[in-house]
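1. Below: sequence and its predicted model.
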Amino acid sequence: PSSARRGLVAKAEARLCSHEDSCWRRRRKATRRPAKAMAWLLRRLPGVDRLLFQAPRAAAGTSARLASRGTHSDTDKDPGSLTRYDESRVTTDWQKKLTPEQFYVTREKGTELPFSGIYLSNTEPGMYHCVCCDAPLFSSKEKYDSGTGWPSFSEAHGTCGTDESKTNILRRPDNSLGSTGMEVLCKQCDAHLGHVFSDGPEPSGQRFCINSVSLTFKPSSSH
């Protein structure tokens, strides 16, 4: 009896496995039919084969072109690019170009000692330029002795009345003096030059108190 029972159980298990296998095959065919139908429809549409086979090639070609662009030098850039900028100004190593004192004053916003500047008592006619970028800043015609210990000017070169748009200087509020002051910078390279105060001579009423170390002087005969 036990052997007959085991035979019946084995037959039942075989039938169950066969039934499950046939169900799995039917489900597989059913899921394949929509995919096959879709593939058949796509092949019937004009131009689909060309798109399917050329799209991967086009993508590969685009990737290759992008990779090759990354290896080009800066000289290959489009001259009409809207993102061009003066890289020489951005990458200037001021510590190599300037003396330690010039770097301290112009790039770290320091101040030279009063009555120590080489241009404090200079009366020669000419133009004072930025020591960093050589932009013309102040004319000797506007220089005067303020008695403060720093070269002083009543206005910047290029000033028209109160309009400083054509000058090479910028004004920026500064609180480092203990009260709100006005820092003077070079418009071309952002070098710190000094400060401006409203206690100068008429008609401007301005006193540009400038560090000598921020300037280079060019006599009229050479400028």
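-> Sure, I can see it. Values in this document were obtained by computation on a predicted structure and should not be read as measured data.
2. Quick check: pLDDT value at the nearest residue to residue 168 once chain neighbours are set aside.
-> The spatially closest residue to residue 168, leaving aside those adjacent along the chain, is residue 135, at 4.2 Å (C-beta to C-beta, 6 or more residues apart in numbering). Every C-beta, even on glycine, is put in place using the N, C-alpha and C of the backbone. Listed pLDDT for residue 135 reads 97.
3. my read: residue 135 touches residue 193, true?
-> No: taking C-beta atoms under 8 Å as the definition, residue 135 is not a contact partner of residue 193, at 10.6 Å.
4. if we can go back for a sec, what residues does the residue nearest to residue 168 make contact with?
-> 129, 168, 186, 187, 188, 189 (C-beta atoms under 8 Å, 6 or more residues apart in numbering).
5. can you pull the pLDDT of the fourth one?
-> It refers to residue 187. With respect to pLDDT, residue 187 has a value of 97.
6. how many neighbours does it have?
-> Residues lying near residue 187 (other C-beta atoms under 10 Å) number 17.
7. next one: the last one
-> Neighbours of residue 189 under the rule other C-beta under 10 Å: 18.
8. Could you list which of the contacts of residue 135 belong to strands?
-> Using DSSP state E, the members of the contacts of residue 135 that fall in strands are 129, 186.
9. which two of the contacts of residue 135 lie the greatest distance from each other?
-> 129 and 187 (12.8 Å; C-beta to C-beta).
10. shared neighbours of residue 135 and residue 193, anything?
-> Common neighbours of residue 135 and residue 193 (C-beta under 8 Å, 6+ apart) are residue 186.
11. Contact partners for the nearest residue to residue 118 once chain neighbours are set aside?
-> Among residues not flanking residue 118 along the chain, residue 212 sits closest, at 5.2 Å (C-beta to C-beta, 6+ apart). Contacts for residue 212 (C-beta under 8 Å, 6+ apart) come out as 112, 116, 117, 118, 119, 120, 150, 151.
12. let's go with 6 Å and repeat that
-> Each residue near residue 212 by C-beta atoms under 6 Å, 6 or more residues apart in numbering is listed here: 117, 118, 119, 151.
13. The second one and residue 193, how far apart?
-> What that stands for is residue 118. Using C-beta to C-beta, to the nearest Å, one gets 15 Å for the distance from residue 118 to residue 193.
14. of the two, who's got more company?
-> Ranked by neighbour count (other C-beta under 10 Å), residue 118 and residue 193 place residue 193 first, with 29 against 12.
15. Run a quick check on that one versus residue 213, I expect a contact.
-> No: here residue 193 lies out of contact with residue 213, judged by C-beta atoms under 6 Å, at a distance of 9.9 Å.
16. Please enumerate the helices of the chain.
-> 2-44, 48-70, 87-90, 94-97, 100-106 (DSSP state H).
17. And the nearest residue to residue 188 once chain neighbours are set aside, how far from residue 162?
-> In space, and not counting its chain neighbours, residue 188 is closest to residue 135: 4.4 Å by C-beta to C-beta, 6+ apart. Look at residue 135 and residue 162: by C-beta to C-beta, they are 21 Å apart.
18. just residue 128 next, same as before
-> The spacing between residue 128 and residue 162, counted by C-beta to C-beta, is 21 Å.
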